[in-house]
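J.: Below are the sequence and a predicted model; questions follow.
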Amino acid sequence: MGNLDVALKSAMDIDGAIGAALVDYTSGMTLGVAGGTGEIDLTVAAAGNTDVVRAKLRTIEMLKLDDEIEDILITLGSQYHLIRPLSNSTGKGLFLYLMVSKSRANLAMARHQLRAIEESLEL
């Protein structure tokens, strides 16, 4: 679990980070969490996004696209929510979830840093 803790801590070091999680989208179970606020239950938010990932994967399958999701961006009034499915064989069925403040985050850098965290994550 040490590598997961390091990955989540690295995600929280991204400018504007509010919270981060590693989630199993087959079950909706959150495997690790960092950050969050009193108003936002990060576990509930992360688990809720499993429906988003599943829906997009079904759509890709129905369209018979020979492609995979790099990341999914949800833009709220004051936040960006980034969902990054893990692409390595040990991470199948998992995604990294990152919430950042729109006013403090650089979206391009956040995406770049989340990709680097995914590449370094060993499960």
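T.: Cool, got the structure.
J.: the strands in the chain, which residues?
T.: 17-24, 30-35, 72-75, 79-85, 94-101 (DSSP state E).
J.: now the spatially closest residue to Asn106 that is not a sequence neighbour: how far from Glu39?
T.: Among residues not flanking Asn106 along the chain, Asp15 sits closest, at 6.2 Å (C-beta to C-beta, 6 or more residues apart in numbering). Using the backbone N, CA and C atoms, a C-beta is placed for each residue, glycine as well. Plainly put, Asp15 is 21 Å away from Glu39 if you go by C-beta to C-beta, to the nearest Å.
J.: Of the two, which one has the most company?
T.: Neighbour count, other C-beta atoms under 10 Å: between Asp15 and Glu39, Asp15 has more, with 12 against 5.
J.: show me the contacts for the more buried one.
T.: Contacts were defined as C-beta atoms under 8 Å, 6 or more residues apart in numbering; by that measure Asp15 touches Val100, Arg104, Ala105, Asn106, Met109, Ala110.
J.: Now do the same contact list for the closest residue to the third one other than its chain neighbours.
T.: Distances taken as C-beta to C-beta, 6+ apart place Gly16 nearest to Ala105, at 3.0 Å, with adjacent residues excluded. By C-beta under 8 Å, 6+ apart, the residues touching Gly16 are Val100, Ser101, Lys102, Ser103, Arg104, Ala105, Asn106, Ala110.
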